[in-house]
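S.K.: For reference, the sequence and a predicted model appear below.
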Amino acid sequence: MKVIIQVPCFNEEKTLPLVFEKMPKSIPGVDILEYQIIDDGSTDKTVEVAKKLGVHHIISRPWQGLGRSFHDGVNNALSLGADIVVNTDGDNQYPSERIADLVQPIIRREADIVIGDRQTQTIEHFSPLKKKLQKIGSSIVNVAANTQIPDAASGFRAYSRHSLLQLNTITRFSYCMETIIQAGNKQLAIQSIPIKTNRKTRESRLFKNMWEHIGKSSMAIIRAYIMYRPYVIFASLSLFFAVLGIIPFLRYVYFALQHEQGAHLQSLLLGSVLLIASFLSMMLGVLADLTRTNRILIENSLEHLKEIRFDKK
Ligand SMILES: Nc1nc2c(ncn2[C@@H]2O[C@H](COP(=O)(O)OP(=O)(O)O)[C@@H](O)[C@H]2O)c(=O)[nH]1
Ligand SMILES: [Mg+2]
């Protein structure tokens, strides 16, 4: 059993030593334990610091964003033969000493993905609004994924090789939510373990403020629904337009039956436009559903391709 712990880094020279302070040196049930960082064009001494800390694998290249870094890290770990890949952050937000617990459900073959639940409702430096939003965000993701994960935005995770061969992240930003929604839809087993986060070392680099976070997360969630549950979006839209359209339409019919021919044409026009919009929404839903089917087929062959590419022999 080989575990690779990876840390995506963007200028983390100050906090990386803290992350490695309590990093496990061995884990029960694990034969080989290695560390990896993905340096995303850091302009500080992140790479030198990582080398000093004994990081085995260092991927260093110009900036490409966190989503891409995660993707590259995973591919490298798979090609190195990792059975489990753990992801944690370079700002020491997550408790490195809990990594041994994080991987246990996968070693016991009870889970494919294990997520550290930060118990956001108890974090002191989170405002009440942020706590509420975290909760709402997680529940929307859970509905889309058909899962019950308390903390969908947590980046402290362990993934089995089996799950990584099946996951394909596309958006650069939201791979945290995307992986859950994909995993849920592929019926991979996801577990959570409660963790306590460390003290905040700095502000988030991913979002300048909470509104940016909300905007980007909402976009990611809507996109995920269109991709995985297209009928939820398009059938609702269609129903919305149908209800709005049927009222003026019936109004026209009613007056037409009263022999007021030629009157209330505006109602007929408005009703017709809305009913056409309803029909088009339904048709978009059908197209999105066909695309989804296609995606499933492509993902199946991608999984097969990855199995060959990362063959462990
Ligand atoms: N590769 C890469 N990593 C990044 C980037 N921005 C942040 N990170 C890393 O992603 C992790 C989380 O970033 P952080 O700023 O703590 O965001 P938070 O999740 O909102 O707290 C840390 O390990 C950062 O070093 C980026 O642009 N590229
Ligand atoms: Mg952070």
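M.R.: On my side now, so go ahead. Ligands and ions are numbered 1, 2, ... in the order given.
S.K.: quick one: low-confidence parts of the stretch 101-250 of the chain?
M.R.: 172-173 (pLDDT under 70).
S.K.: For it, just list every one of the helices.
M.R.: 128-145, 161-166, 175-185, 210-228, 230-257 (DSSP state H, counting those that start in this stretch).
S.K.: Check which helices and strands the fourth one is in contact with.
M.R.: Under the contact definition 3 or more Cβ pairs under 8 Å, 6 or more residues apart in numbering; DSSP states H and E, helix 210-228 sits against helix 128-145, helix 175-185, helix 230-257, helix 265-309. To be clear about C-beta, it is placed using only N, CA and C from the backbone, and glycine gets the same treatment.
S.K.: could those go into a markdown table alongside distance to A158 and mean neighbour count?
M.R.: Shown next, in a markdown table, are the helices and strands packed on helix 210-228 (distance: least, Cβ to Cβ, whole Å; neighbours: other Cβ atoms under 10 Å):
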| stretch | distance to A158 | mean neighbour count |
| --- | --- | --- |
| helix 128-145 | 18 | 17 |
| helix 175-185 | 12 | 23 |
| helix 230-257 | 30 | 16 |
| helix 265-309 | 19 | 14 |
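S.K.: got those as CSV, with distance to ligand 1 columns?
M.R.: Below are the helices and strands packed on helix 210-228 laid out as CSV (distance: least, Cβ to the nearest ligand atom, whole Å):
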stretch, distance to ligand 1
helix 128-145, 11
helix 175-185, 8
helix 230-257, 27
helix 265-309, 22
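S.K.: could you dump these to a markdown table with distance to D112?
M.R.: A markdown table is the format used below for the helices and strands packed on helix 210-228 (distance: least, Cβ to Cβ, whole Å):
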| stretch | distance to D112 |
| --- | --- |
| helix 128-145 | 13 |
| helix 175-185 | 7 |
| helix 230-257 | 25 |
| helix 265-309 | 13 |
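S.K.: Nearest to H57, out of those helices?
M.R.: helix 265-309 (17.7 Å; Cβ to Cβ).
S.K.: Compute the inter-axis angle for the closest one and helix 210-228.
M.R.: 80 degrees (axes from the mean of the first three to the mean of the last three Cα atoms, to 10 degrees).
S.K.: tell me the mean pLDDT over helix 265-309?
M.R.: For helix 265-309, mean pLDDT is 95.
S.K.: Helix 230-257 and that one, what's the angle between them?
M.R.: 170 degrees.
S.K.: counting contacts, what elements does helix 265-309 pack onto?
M.R.: helix 161-166, helix 210-228, helix 230-257.
S.K.: The same query, at a cut-off of 10 Å, please.
M.R.: Counting contacts by 3 or more Cβ pairs under 10 Å, 6 or more residues apart in numbering; DSSP states H and E, helix 265-309 packs against helix 66-79, helix 161-166, helix 175-185, helix 210-228, helix 230-257.
S.K.: Ok, which of the helices of the stretch 101-250 of the chain comes nearest K25?
M.R.: K25 sits nearest to helix 161-166 of all the helices of the stretch 101-250 of the chain, at 22.2 Å, using Cβ to Cβ.
S.K.: rewinding a little: out of the helices and strands packed on helix 210-228, which is closest to ligand 2?
M.R.: With Cβ to the ion, the closest approach to ligand 2 among the helices and strands packed on helix 210-228 belongs to helix 175-185: 11.9 Å.
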